[in-house]
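**Q** My questions are about this predicted structure, shown below with the sequence.
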Amino acid sequence: MPPEPTSQPDILFMGRIFFDPWGGVRQMAEETLRAAAPLCEASGRMIEVLVPRPGMCPVTHPAIREVVLPRFGNNRMAWDHITVPNFANGRQGSVLYNPKLVLPERLRIPGFTTIHDLMYFPNPQKYNWREYYWADSIYMQRMVRRTVRRAPRIHVPSAYTREDALELFPDVDPDKFTVIPWAVDPKAWAPHPWSAEDQSEWEGLLARGLREPFVFHAGGLSRRKNVRVLGTAFAEFRKTHPEYQLVLTATSKHTNADPKTYRALHTIPPGSVIALGGVSARALRLLYQRASFFVFPSLYEGFGLPLLEAQAAGCPVICSHATSHPEVVGESAMTFNPRSARELLHCMEQMTDQKTREKYRQLSAANVARFPWNQTARQWLDLADRVHREG
């Protein structure tokens, strides 16, 4: 007979996400592990991180064990839906978690996942573009639908994403979707005396054309990131503030490029805009800290982690009032209609005032305190326990 379930099961954590390029989902997976590990150690439970090759788990801790499972060449679906469940089904008494939207087929133990947003599903009333490639969208739509119906519980990072999910799955019990917001570690982003590594990183950015003062945006260049409106507003902004530069970073993701974004950026004179592409975590921290202010004009976000990162680094924030942003920033950021470059321009003009920037820095510090990682990790572990009991 299978063993009786315990109140605090071990967690099998699907770690293939650590094979992907750095991005928001991968970052959240790593931070979740880091914050949950000491809580697991205190209660005598383990997190086993399942990976397709050695050394992929980014967190070292006594409560975390890396488990390498065999691969079928580079076939990721085979690893997800054959290798992982073959291993997990032999671990009765455990619960499986995938940070990336789907549960493996053939899984016979309780499992849950995180739906970060619903951008794989078309919704003309909210967004009239296709964010991801067709093949990715078709696969993820099918698998997310199956996961929502199979999983006892689904984690979502915001009330907005929960409402999105309830609209998409009206026949599903609303209690299935559990809101646990993501968090931020202020110590990881806060200004501190520069090390030799910091200085070297900064000099490397200067060598690529960076100069101060600058307006900063971190994120992709897909249509939903709405950099087109930022580019249009900045082109007007620099007419009265020619000393400012616009600095952009973006990770490599499987999203569709937006030609209008590039056209808008090309209206800005050379040297006044610099696209750095992907940067290191150290460089990102320095950019947040040295920016005059941070602009996040996104049309759609399941949560919007860069908002908290910027605030934790002491950088005043301007963001759109779309989707989940009001939940994340409250009154601690200056907000605007994401469709209006004129509104954004007005916010940018206001943020050039030093007293205004200081006001939002102080509001930011109080806002960041609402999102501690130990609270998020504790709720995440509680959710794992509920999934185990109800699975």
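**A** Here it is on my side, so go on. Residues are numbered from 1 along each chain as shown.

**Q** For stretch 185-192, measure first residue to last.
**A** With C-alpha to C-alpha, to the nearest Å applied, stretch 185-192 spans 14 Å between its terminal residues.

**Q** Please apply the same query to stretch 159-176.
**A** Start-to-end, stretch 159-176 (C-alpha to C-alpha) is 13 Å.

**Q** and what of stretch 214-223?
**A** End to end - C-alpha to C-alpha - stretch 214-223 spans 23 Å.

**Q** Next: stretch 362-379.
**A** 28 Å.

**Q** Next, the buried residues of it.
**A** 363-364, 367-368, 371, 373, 376-377, 379 (16 or more other C-beta atoms under 10 Å). Quick note: C-beta positions are derived from backbone N, CA and C, even for glycine.

**Q** How far does it sit from its chain's centre?
**A** 15 Å (C-alpha atoms, centre = their mean, to the nearest Å).

**Q** residues making contact with that stretch?
**A** 31-32, 34-36, 39, 180-186, 308, 310-312, 314-317, 329-333 (C-beta atoms under 8 Å, 6 or more residues apart in numbering).

**Q** Now a ChimeraX select for only the buried ones of those residues.
**A** To isolate the buried members of the contacts of stretch 362-379 in ChimeraX, using 16+ other C-beta under 10 Å:
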select :31,32,34,35,36,39,180,181,182,183,184,185,186,308,310,311,312,314,315,316,317,329,332,333
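
**Q** Least confident secondary structure element in the chain?
**A** helix 259-265 (a mean of 83; mean pLDDT, DSSP states H and E).

**Q** Please name the strands paired to the helix or strand that that one is followed by in the sheet, noting orientation.
**A** Per DSSP states H and E, the first helix or strand lying C-terminal to helix 259-265 is strand 273-275. Here strand 273-275 is paired, per DSSP bridges, with strand 245-249 (parallel).

**Q** Let me know the helix or strand that the residue nearest to Pro104 when sequence neighbours are not counted is in.
**A** Spatial nearest neighbour of Pro104, excluding adjacent residues (C-beta to C-beta, 6 or more residues apart in numbering): Pro85 at 4.4 Å. According to DSSP H and E, Pro85 maps onto helix 84-88.

**Q** where in the stretch 101-250 of the chain is pLDDT low?
**A** Where the stretch 101-250 of the chain drops to pLDDT under 70, the residues are 127-131.

**Q** Tell me where it has helices.
**A** Using DSSP state H, counting those that start in this stretch, the helices of the stretch 101-250 of the chain run over 134-150, 159-168, 186-189, 196-207, 227-240.

**Q** Next, format those helices as CSV and append distance to Ser280.
**A** Formatted as CSV, these follow (distance: least, C-beta to C-beta, whole Å):
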stretch, distance to Ser280
helix 134-150, 27
helix 159-168, 29
helix 186-189, 13
helix 196-207, 7
helix 227-240, 21
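
**Q** For Arg76, which of those is the nearest?
**A** helix 134-150 (10.5 Å; C-beta to C-beta).

**Q** quick check: angle from that closest one to helix 159-168?
**A** 90 degrees (axes from the mean of the first three to the mean of the last three C-alpha atoms, to 10 degrees).

**Q** next one: helix 134-150 to chain centre, how far?
**A** 20 Å.

**Q** hmm, back to that, single out the most deeply packed of the helices of the stretch 101-250 of the chain.
**A** Highest mean neighbour count among the helices of the stretch 101-250 of the chain (mean count of other C-beta atoms under 10 Å): helix 227-240, with a mean of 22.
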